[in-house]
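Undergrad: Pasting the sequence and the predicted model now:
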Amino acid sequence: MRTPRSRLARWFAALLLAATTAHAAEDAAVLARAVAPDVWFVQGAAALGSAANRNFISNDGLVVTGDGVVVVDALGSPALAEALIAEIRRVTPQPIRYLIVTHYHADHIYGLQAFKAAGATIVAHGAGREYLGSDTARQRLEASRQTLAPWIDEKTLLVAADRWLDAPLTTLKVGGMDFHIRHAGPAHTVEDLVVHVPQREALFAGDLVFQGRIPFVGQADSQQWIASLTQLLDAKARVVIPGHGPVSTEPAADLALTRDYLLHLRQAMGEAARNLEPFDEAYAKTDWSRFERLPLFKVANRMNAYNTYLLMEQQGPR
């Protein structure tokens, strides 16, 4: 049975109020907060993964249906995932049916084994198979066992999906709700998935959206990432659950922040690459004032700019 739009409107109004009064201390706990009817959200810290924060730096979401729970992403360690499963048990007695992986970055997948043990069917995009079987994934896990111990150890595993998706759009129907799972990559990663739940006007955007903070660009295809952000607006969601940062109730403005940052990187570094200007000189003269006060700017921005500089050397401004 669909929730009346008036009820949805009341939920979103309450969410907007809560977002302005939430305490930062809540970010340290695996605390599920309702952000729409039957839709819950867990927010990680705006920090780098460490043993001190248990690698709790990414968000998670879940939807409770009449026939079980659908979870989006698995957090950054088995202990965090077990804490999230305990939160789900607090929220509902419904079984966990599916776990949808938005992408195979460590802070989103190291909890998969706990959900697998809890009976969830793991769903991910087929492009994730290449990363999962790569030396990079194995080396990253081995490094994490050193830097994130005891939360990541020899018992922490890389978990493959039970169901690999290869179609541009797949609809999963659970308990009267539709989960439109769209392949949005290559963008932040090749395998990026976003999940739209139209009955609740909710969109799980994964790491296509870093709300209120500097994104991690890495080896991303920033041009396609920008295009994918524009396409997300077509879903007309009233609440967007990002991969990092607070939940968004103003998607147009919040998606624009990530998009504009990527555009700025490409414009500045593209011009430097085109003019054969050394990176250090280009970086020093670029105006970063719009973004320099955002969380993780000092940690991520120079690396993001350098990776974009190399990308623009290879492909040129587009």
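TA: That came through fine. Numbering: from 1, shown residues only.
Undergrad: all contacts plus neighbour counts: C-alpha atoms, from now on.
TA: Will do.
Undergrad: average pLDDT across stretch 289-305?
TA: Mean pLDDT, taken over the full extent of stretch 289-305, equals 94.
Undergrad: Dump the C-alpha coordinates for that stretch into CSV.
TA: C-alpha atoms of stretch 289-305 as CSV (Å, rounded to 0.1, in the frame of the first residue of the first chain):
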residue,chain,number,x,y,z
SER,A,289,38.3,29.5,-2.1
ARG,A,290,34.9,28.0,-2.8
PHE,A,291,35.9,24.6,-1.5
GLU,A,292,38.8,25.0,0.9
ARG,A,293,36.6,25.2,4.0
LEU,A,294,34.9,21.9,3.3
PRO,A,295,35.8,18.8,5.3
LEU,A,296,38.8,16.8,4.0
PHE,A,297,39.9,19.6,1.6
LYS,A,298,43.5,19.5,3.0
VAL,A,299,43.6,15.7,2.9
ALA,A,300,42.1,15.1,-0.6
ASN,A,301,42.2,18.2,-2.8
ARG,A,302,45.8,18.1,-3.9
MET,A,303,45.6,14.4,-4.8
ASN,A,304,42.3,15.0,-6.6
ALA,A,305,43.8,17.8,-8.6
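Undergrad: start at 12 instead
TA: Right, with 12 as the first residue, what we last looked at is stretch 300-316.
Undergrad: what comes up buried for that stretch?
TA: 302, 306-308, 311-312, 315-316 (16 or more other CA atoms under 10 Å).
Undergrad: roughly how far is that stretch from the heart of the chain?
TA: 18 Å (CA atoms, centre = their mean, to the nearest Å).
Undergrad: what residue ranges in this protein score low on pLDDT?
TA: Within the chain, the ranges that satisfy pLDDT under 70 run 12-39, 327-329.
Undergrad: which stretches of it form strands?
TA: Assigned by DSSP state E, the chain shows strands spanning 44-47, 50-53, 71-76, 79-83, 107-111, 132-136, 174-176, 180-185, 188-194, 204-208, 213-221, 250-255.
Undergrad: Against which helices or strands is the third one packed?
TA: Spelled out, it's strand 71-76. Here strand 71-76 touches strand 50-53, strand 79-83, going by 3 or more CA pairs under 8 Å, 6 or more residues apart in numbering; DSSP states H and E.
Undergrad: could you dump those strands to TSV with distance to Asp71 and mean neighbour count?
TA: Output for these, formatted as TSV (distance: least, CA to CA, whole Å; neighbours: other CA atoms under 10 Å):
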stretch	distance to Asp71	mean neighbour count
strand 50-53	5	23
strand 79-83	6	24
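Undergrad: okay if I get those as a markdown table plus distance to Thr113?
TA: Conversion of those to a markdown table gives the following (distance: least, CA to CA, whole Å):
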| stretch | distance to Thr113 |
| --- | --- |
| strand 50-53 | 15 |
| strand 79-83 | 7 |
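Undergrad: List the ones among the buried residues of stretch 300-316 that fall in helices.
TA: Here DSSP state H is the test, and the buried residues of stretch 300-316 give 308, 311-312, 315-316 as lying in helices.
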